[in-house]
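**Q** A predicted structure for the sequence below; I have some questions about it.
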Amino acid sequence: MFVSLISPTGDWTPRGTCPLHASDTSRSVMSSGQGVMKVIVLLAVILPVLSGHLAGRTIQTKQACQYSILLLSCPPGETLDISFANYGHIGTKNCGSHMPPGGCRAPDSLAIVQGMCQGRQQCYVPASDATFNGNPCHHGYIMKYLEVKYECQGPEVEQLRACKRETLSIQCPTGHPINIVSALYGRTSSQFCPGQIYTTACRSPYSLDVVRSICQGKTSCSVWSDDSVFVYDPCYGTDKYLEVEFICSGKYFGCT
């Protein structure tokens, strides 16, 4: 198609992508009916995101004839991952011209397009000799074209852990706010943070809400892994840890 134109693991705590509008940690424990409703809302938000990741990414191909501008774009919250680019003529007959013997291509096509587009939500690339440092086709007059293959990639889920009375710090690039996917304050494994362990079935019901109240929508935050932050001790006598999964979102990913 030619165009001419001037964007998981464990089930510790209910997950989602939007902050829960409540009075942070001071609120009382919600009723079971409210809990069911919250889970339904969270599933409605997160399942489409997860299904997109599970389905795998699709390679897209765009072309633009010489003297036009190629627009590459991804859905909100996703970014361009450029895998192939060629400015020249390597097809049988494109843009009204036949391919010259052996074809012709600008040697820096991929590097130039990646420099203009990689990691962006959208970009514009002029299909011109000036963009690609000269005419790559020296076989008389040949109408060239730009062809690009790319994928739209969603943000990666990252995981951090802090042991008892340590600080867990999250940092995202400017313009990519933190989106908390899941949080656990307690202990579900004996593999991490050695210490006194009486149970591995321990989790604070406030884990997700507390971490979101501190971090959601910011580009950096710090959470102290301690009972005092998570309202009360969920398993007396067991050394706990804080484990958080998060995404450095695109500007328009998650809540608005």
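**A** Right, received. Where do you want to start? Residues are numbered from 1 along each chain as shown.
**Q** and the nearest residue to residue 144 once chain neighbours are set aside, what is it in contact with?
**A** Closest residue in space to residue 144, ignoring its immediate chain neighbours: residue 66 at 4.5 Å, by Cβ to Cβ, 6 or more residues apart in numbering. The C-beta positions use only the backbone N, C-alpha and C, and glycine is treated the same way. Counting by Cβ atoms under 8 Å, 6 or more residues apart in numbering, residue 66 touches 95, 127, 128, 129, 143, 144, 145, 146.
**Q** most surrounded residue in the residues you listed?
**A** Neighbour counts for the contacts of residue 66 (other Cβ atoms under 10 Å) peak at residue 146, which has 28 neighbours.
**Q** from what I can see that one touches residue 85, true?
**A** Yes - with contact defined as Cβ atoms under 8 Å, residue 146 reaches residue 85; the gap is 7.3 Å.
**Q** mutual contacts of these two, please.
**A** Common neighbours of residue 146 and residue 85, counting by Cβ under 8 Å, 6+ apart, are 109, 113.
**Q** low-scoring stretches of the stretch 1-150 of the chain, by residue?
**A** Residue ranges of the stretch 1-150 of the chain with pLDDT under 70: 1-57.
**Q** hmm, try it at 80
**A** Along the stretch 1-150 of the chain, segments meeting pLDDT under 80 span 1-57, 77, 91-93, 97-102, 139-140.
**Q** all the helices of it, residue numbers only.
**A** All helices of the stretch 1-150 of the chain, identified by DSSP state H, counting those that start in this stretch, fall at 32-55, 109-117.
**Q** nearest residue to residue 147 other than its sequence neighbours?
**A** Per Cβ to Cβ, 6+ apart, closest to residue 147 is residue 63, 4.7 Å.
**Q** wouldn't that neighbour be in contact with residue 72 here?
**A** No - counting by Cβ under 8 Å, residue 63 does not reach residue 72; the two are 11.2 Å apart.
**Q** tell me, what's touching the two both at once?
**A** Going by Cβ under 8 Å, 6+ apart, residues that sit against residue 63 and also against residue 72 are residue 148.
**Q** higher neighbour count, the two?
**A** The residue with more neighbours, out of residue 63 and residue 72, is residue 72; 22 against 18, by other Cβ under 10 Å.
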